[in-house]
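*Asks:* Predicted model and sequence follow; I will ask about them next.
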Amino acid sequence: MPSIDYPLAKLIDYQPPLTRQPDFEEFWGETLAEARQHDLSPLLEFVEHPIDALDVRRLNYAGFGGHRVHGLYLRPRTDERTPVVVVYHGYSGGAGEVHMHLPWLMLGCAVVAVDTRGQGGDTGDPGGYSGGSTMGWMTQGLLDPHEYYYRRAYTDCVRAIDFACSRDELDTSRLAILGGSQGGGLTLAVAGLDSRVRVAMPDVPFLCHFERAIDITANGPYLELQRYLARYPQHTDTALRTLSYFDGMNLAAGIDPGCRMLWSVGLWDDVCPPSTVFAAYNHCPVSGADGRKEMAIYPYNKHEGGGPAQRERQIAYLKNALTLPF
């Protein structure tokens, strides 16, 4: 079976050592507690939309540092409580347009779709950094885990769960999260940091097994790290230590075993190589034996993964998962 990486037989069992630092859980506990000192203060603005069956609102709330995070809050027009899907986007994207979220709305779910700060949506990144970086977001604050860009981004994403759980009209006992590429990495991070997540669907996830990703990746945002370390080789150990706090492999190890998960991987993916995805998958304690955890493998696909076929599979998976007892 073709692959740019290890043979599938090796990938299936690939489980490199975790790189968690001794204070990993303390670091994240303090980070989220600090963020929650800021009142969430959600603001909702009604938006006219041609699909009358939908209630469409622009959303913003307080994320990391109290900074405002923007997105969309979408619901079917109903008096009943609805399940909710929180959507995280890919690198350089944004919360998107209403039509992009119709599959989940058609299943009867509400949708919370949020920006990743400083990228392609409406959300800025006002905090600033004490050091320099290469083009993109991967190296901003890289020499200190407390300053690193993804500390802010991951926290913003967890605060989206806080928003969902604050809404009486949502049935958050049926709370799902999903995203592809960077959105897949954010999905793993949030599932690892917040046990309220009951269904997670990380598609071709980014931000996993950084050490190997930097070594073998030929395309995409991991090249930002390669360029930085080529320019500043003396910072390699410090940078890798910082990245360990944000590694999807380390975060996946903390996912609640009761969560239901549908993953995907493309064996020709040269942006998020298969071994980096399987490293996170195999450290995730959710059991595959009882069907709670599945990996959709696309042998001939690159970073697009399963594309439309995977979206159809996600729709069916989510519909089934939301009807099952947790």
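*Replies:* Sure, I can see it.

*Asks:* tell me the contacts of residue 119?
*Replies:* 89, 91, 92, 93, 94, 137 (CB atoms under 8 Å, 6 or more residues apart in numbering). C-beta coordinates here come from the backbone N, C-alpha and C atoms, glycine included.

*Asks:* Surely the first one and residue 97 touch.
*Replies:* No: using CB atoms under 8 Å, residue 89 is not in contact with residue 97; the gap is 11.4 Å.

*Asks:* For the stretch 51-200 of the chain, which segments count as strands?
*Replies:* Using DSSP state E, counting those that start in this stretch, the strands found in the stretch 51-200 of the chain span residues 54-62, 68-76, 82-88, 110-114, 170-180, 199-203.

*Asks:* which residue ranges form the helices in the stretch 101-250 of the chain?
*Replies:* With helices called from DSSP state H, counting those that start in this stretch, the stretch 101-250 of the chain shows them at 102-106, 149-165, 182-193, 210-216, 222-231, 236-244, 248-252.

*Asks:* where in the chain is pLDDT low?
*Replies:* 1-2, 324-326 (pLDDT under 70).

*Asks:* center of it, which residue is that?
*Replies:* residue 186 (1.6 Å; CA atoms, centre = their mean).

*Asks:* Settle this for me: that residue is touching residue 154, isn't it.
*Replies:* Yes: when contacts are counted by CB under 8 Å, residue 186 is listed as touching residue 154 (6.9 Å).

*Asks:* Identify the contacts common to those two.
*Replies:* Joint contacts of residue 186 and residue 154 (CB under 8 Å, 6+ apart) do not exist.

*Asks:* Next, work out how far apart the nearest residue to residue 25 once chain neighbours are set aside and residue 159 are.
*Replies:* Spatial nearest neighbour of residue 25, excluding adjacent residues (CB to CB, 6 or more residues apart in numbering): residue 254 at 7.8 Å. Going from residue 254 to residue 159 by CB to CB, to the nearest Å gives 18 Å.

*Asks:* Give me the more crowded residue out of those two.
*Replies:* It is residue 159, of residue 254 and residue 159, that has more neighbours when counted by other CB atoms under 10 Å, with 24 against 20.

*Asks:* Quick one: residues contacting the residue nearest to that one when sequence neighbours are not counted.
*Replies:* Distances taken as CB to CB, 6+ apart place residue 63 nearest to residue 159, at 4.8 Å, with adjacent residues excluded. The contact partners of residue 63, taken as CB under 8 Å, 6+ apart, are 35, 69, 117, 152, 155, 156, 159.

*Asks:* Could you do residue 172 as well?
*Replies:* Residue 172 is in contact with 84, 164, 165, 196, counting by CB under 8 Å, 6+ apart.

*Asks:* Could you report the neighbour count for the residue nearest to residue 131 when sequence neighbours are not counted?
*Replies:* Closest residue to residue 131 apart from its sequence neighbours, by CB to CB, 6+ apart: residue 143 at 5.9 Å. By the criterion of other CB under 10 Å, residue 143 has 19 neighbours.
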